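K.L.:
the following block contains a protein sequence and its predicted model.
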Amino acid sequence: MTGAPEAAPGEAIGPAGVPRRVTARATWLLAPNPGPMTFDGTNSWVLHEPGRRGAVIVDPGPDRPDHLDALVKLAVEAGGEVTAILLSHGHFDHSQGVPELARRTGAPVLAATRDWADQVIGDGPQTLELAGLRIEVVPTPGHSEDSLSFLLPDDGSMLTGDTVLGRSAPIMLDVGQMISSLRTIRSLVGDGEHVVLPGHGPVVAEPGPLLALALEAREARLAQIEQAVRDGHQSVSAIAERLYGGFDERIRRPVEATVLAHVRYLREVGRISWSEGW
């Protein structure tokens, strides 16, 4: 695709700004926005079908001129032009650079909401053909309502945004949706049949075990929160501190949002009742 060196699945990330070719169709560029919520930074992706004109940029990340310059350069080296910009979801660490990138390239933006998109996608599964690439759009809400994943069947890869990370678990706003999305992704990627190209963290070479662990972790977390409620913890903050101990105060809000999502799910399925202080 380009002269970028290859990256082995699971290899340590970085440094930011240095492209790494991961598959025949996907090159990875780490954005320079590390932090408590973004870990090493946001993974931006340039996709290109070998032998075809055009390239697709997925998740441009922050509005940083150096990062956007590098993405455009990679895309132009690969296919001569940026054909489209895809967005896995609207959180700013993935989307902030979208308007400037669209202005520079004239490429249409495809996303799940009109807030960002020239073309809205993801109202159910669909297949796109962009610059010769076959891309299956898979709605995968849970981390956010507008989360999408992108399966490249000819590449043996799937871009998962923040629904599946290379390490750690994402913040969740709807646990029921997240469980359903994880099951959907597991059914599509199989055991070792595809690699997962996540929104943060290293490439996942064998996603089957990671997805099984993620689903087990949801049930374990639900059981822990159910027990905390039964033990008399009457606030989200109290449960968060019991489960996570001393955590960085900068991530208190998303941590508590995840706890609240689990509480809501437990209510919905009848495992805790409204009389238990909620």
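P.N.:
Nice, thanks for sending it over. Residues are numbered from 1 along each chain as shown.
K.L.:
the helices in this structure, which residues?
P.N.:
Assigned by DSSP state H, the helices in the chain fall at 65-79, 92-95, 98-105, 175-189, 207-230, 236-244, 252-268.
K.L.:
now mean pLDDT too, for those, in TSV please.
P.N.:
Compiled in TSV, those are given as follows (pLDDT from 0 to 100):
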stretch	mean pLDDT
helix 65-79	98
helix 92-95	98
helix 98-105	98
helix 175-189	97
helix 207-230	95
helix 236-244	92
helix 252-268	94
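K.L.:
can you tell me how far the residue nearest to L173 when sequence neighbours are not counted is from E268?
P.N.:
Beyond its immediate neighbours in the sequence, the residue positioned closest to L173 (CB to CB, 6 or more residues apart in numbering) is A261, lying 5.5 Å away. For the C-beta atoms, the positions are set from N, CA and C on the backbone; glycine is no exception. Note on A261: its distance to E268, by CB to CB, to the nearest Å, is 11 Å.
K.L.:
who has more neighbours, those two?
P.N.:
Here A261 and E268 are compared on neighbour count by other CB atoms under 10 Å; more neighbours surround A261, at 20 against 12.
K.L.:
which residues touch that one?
P.N.:
M172, L173, D174, V175 (CB atoms under 8 Å, 6 or more residues apart in numbering).
K.L.:
let's see it at 10 Å
P.N.:
G142, I171, M172, L173, D174, V175, G176, Q177, M178, I225 (CB atoms under 10 Å, 6 or more residues apart in numbering).
K.L.:
which residue comes closest to the fifth one once chain neighbours are left out?
P.N.:
What that stands for is D174. Setting aside the residues directly before and after it, D174 is nearest to G142 in space (CB to CB, 6+ apart), at 5.4 Å.
K.L.:
pLDDT wise, what is that neighbour at?
P.N.:
Per-residue confidence for G142 comes out at a pLDDT of 98.
K.L.:
that one contacts L173, correct?
P.N.:
Yes. Assessed by CB atoms under 10 Å, G142 is found in contact with L173 at 7.2 Å.
K.L.:
okay, those two: which has more neighbours?
P.N.:
Using other CB under 10 Å, the more surrounded residue of G142 and L173 is G142, with 23 against 19.
K.L.:
now do the same contact list for the residue lying closest to S180 once chain neighbours are set aside.
P.N.:
The spatially closest residue to S180, leaving aside those adjacent along the chain, is G142, at 7.4 Å (CB to CB, 6+ apart). If you count contacts by CB under 10 Å, 6+ apart, G142 has them with 162-163, 170-182, 218, 261.
K.L.:
for A228, see how far away the residue nearest to the spatial centre of the chain is.
P.N.:
With distances taken as CA atoms, centre = their mean, the residue of the chain nearest its centroid is G161 (1.5 Å). The gap separating G161 from A228 is 30 Å, by CB to CB.
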